[in-house]
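model this:
(one chain, ligands or ions: 2)
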Amino acid sequence: MKNILVTGGAGFIGSNFIKYILDREKDFRIVNLDKLTYAGNLRNLQSVEDNPNYKFYKGDICNKELVDYIISKEKIDTIVNFAAESHVDRSILSSNVFINTNVIGTNVLLEAAKNFKLERYLQISTDEVYGSLGANGKFSETTPLSPNSPYSASKASADLLTHAYFHTYNVPTIITRCSNNYGPYQFPEKLIPLMIINALNEKSLPVYGDGMNVRDWIYVEDHCEAIHLILTEGRSGEVYNIGASNEMPNIKIVKLILSYLRKDESLITFVKDRPGHDRRYAIDLSKIKTELGWKPKHSFEGAIHKTIDWYIENKSWWEEITSGDYQSYYRKWYIER
Ligand code: NAD
Ligand code: TYD
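Ligands and ions are numbered 1, 2, ... in the order given. Predicted coordinates:
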C-alpha cells in the first residue's frame, strides 16, 4: 500500500487527480490536506467521500505541527503538492497569501519530506515560471526561470526550494511544469469556465488587451495521467514539462465557446490589459515523450466540448460558487479595469 499525502486536493486539478488515482490504483491510499480557501470545494470529491482509501483533513500546509502529525499518523510515504494560490489576477491585487502558501507552505512540506525520509516529493509547478515567449520557440526544462507575475514568482521560488532540497538533503523530489489546464471543476475565475458561465448567463465576456495572448491548453485528465506516470516512473531531481501542444490565442477560444453555445459575439468586451500580461506560453514535450513514452490522449476539440457540456450540466456547482463573496470580488476586479 502506498500512502500519499495530496495537498490542495479539493481544488480543480487536485480533485481530478484524486479521483483519477482512486479509479486506477487499488493499493494507493490518498490523504487529502486542504485549507478549503475560496478555491477549495468538497463537492468536487463527493464521489470518493466513502472510499476506504480516501481521507480528508481540513488544514493549512503552512502548519508544520499538523503536517508532521498527518505524516506520522497516516504513515505517509509520498507527498504530491497541489496546494497553492493559483490565480494571476488575484496575485496582482495582493501577493502576501501567495508567498505564504506557495513558498512558505512548500518549505514546510519539503522539511517534512526530509525529516520523515519520504520516498517521493512531487511539486506541481507551472510553465509560467519560465516567463513569456516571443512568436517562436518553446519552453524546455532547461529554459531559465523568468517569472513575471507575483503568482509565477512564488511558484518559481517553490521550484528553487524543491531543487535545493534534492541537492542539499537528497530528498527524492520531482518538479512537474504543466501548461494551462481546462476541464470539469475549474473555478470560474479562470478564462475558460468564466467565459462559459458568462456566456450561459448572457453576460459580457471580458477579453484582456487584444485577445491575442497565447496559452498552450491541456485537458485536466491528461495532466493527471502524466503526473501519475511521473510519480511512479520519474527520476528524482528531475523536472518534467507537461503539455498538449495546443497553442491558441484567447480570442479564438472565446469565439469557439460562443459558437458552441450559439451565443452572439457581441457579448465579447475587450477590457484593459492585465498588468505584466505574459504574451505566449508553449511547452516542449520531448523529455516526457522520449523518457517516459507519454503523450496526451485528448484532442482539444473533443475535450473543450465535453468541458462546456459539463458546465451546462452542473449549473448548481457553479451557481453556488458565483453567488455571495465571489460576485463582489469579481465585480471589484472587473470594474477596476
Ligand atoms: P485551485 O486554485 O483550483 O486549487 C488550489 C487548492 O489548494 C484549493 O483546494 C485550496 O483550498 C488549496 N489551498 C490553498 N492554499 C492552501 C493552504 N495554505 N493549505 C492547504 N491547501 C491550500 O488550483 P488548481 O488550478 O487546481 O492548481 C493546482 C496546482 O497546479 C497549483 O499548484 C498550480 O500552481 C498548479 N498548476 C495549475 C495550472 C492550471 O492551469 N490551473 C497549470 C499548471 C500548474
Ligand atoms: P487565466 O485563466 O487567468 O490563466 P493564466 O493567466 O494563468 O494563463 O488566463 C488565461 C488567459 O486568458 C490569459 O492570457 C489572460 C486571459 N484572460 C482574459 O482575457 N479574460 C479573463 O477574464 C481572464 C480570467 C483571463
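
Give me the phi and psi for residue 208.
Backbone geometry at residue 208, expressed as degrees, to the nearest 10, gives phi -70, psi 140.

and it, how many neighbours?
Residue neighbour count, defined by other CB atoms under 10 Å, stands at 16 for residue 208. C-beta: built from backbone N, CA, C; applies to glycine.

same check, this time on residue 74
Counted with other CB under 10 Å, the burial measure for residue 74 works out to 17 neighbours.

quick one, what contacts it?
Shown here is residue 74, whose contacts under the criterion CB atoms under 8 Å, 6 or more residues apart in numbering are 3, 5, 29, 31, 55.

what about the chain, any weak spots by pLDDT?
Residues of the chain that meet the criterion pLDDT under 70 lie in 324-337.

quick one, helices of it?
Along the chain, counting by DSSP state H, helices occupy 12-24, 64-73, 88-93, 96-98, 106-115, 150-169, 191-200, 220-233, 250-260, 286-292, 300-313, 315-321, 325-336.

Show me what residue of the stretch 201-337 of the chain gets nearest to ligand 1.
Proximity to ligand 1, evaluated over the stretch 201-337 of the chain using CB to the nearest ligand atom, is greatest for residue 223 at 7.4 Å.

hmm, I was thinking of the stretch 1-150 of the chain
Closest approach between the stretch 1-150 of the chain and ligand 1, counting by CB to the nearest ligand atom: residue 11, at 2.0 Å.

what's around the closest residue to that residue other than its chain neighbours, how many residues?
Counting by CB to CB, 6 or more residues apart in numbering, the nearest residue to residue 11 once its immediate chain neighbours are dropped is residue 39, at 5.1 Å. Counted with other CB under 10 Å, the neighbours of residue 39 add up to 23.

just checking, residue 39 touches residue 15?
No. With contact defined as CB atoms under 8 Å, residue 39 does not reach residue 15; the gap is 10.5 Å.

Which one (most neighbours) among the contacts of residue 74?
Counting neighbours by other CB under 10 Å, the top entry in these is residue 5, with 27 neighbours.

Next one: the closest residue to residue 305 other than its chain neighbours from residue 302, what distance?
Counting by CB to CB, 6+ apart, residue 305 lies nearest to residue 260, which is 6.3 Å off, once chain neighbours are set aside. For residue 260, the distance to residue 302 (CB to CB, to the nearest Å) stands at 12 Å.

re earlier: how many other residues sit next to the residue of the stretch 201-337 of the chain closest to ligand 1?
Neighbourhood size, residue 223 [other CB under 10 Å]: 26.

May I have the residues that are in contact with it?
Residue 223 sits in contact with 13, 16, 178, 181, 242, where contact means CB under 8 Å, 6+ apart.

how does it look with 6 Å?
Taking CB atoms under 6 Å, 6 or more residues apart in numbering, we find residue 223 in contact with 178, 181, 242.

Appreciated, that's everything.
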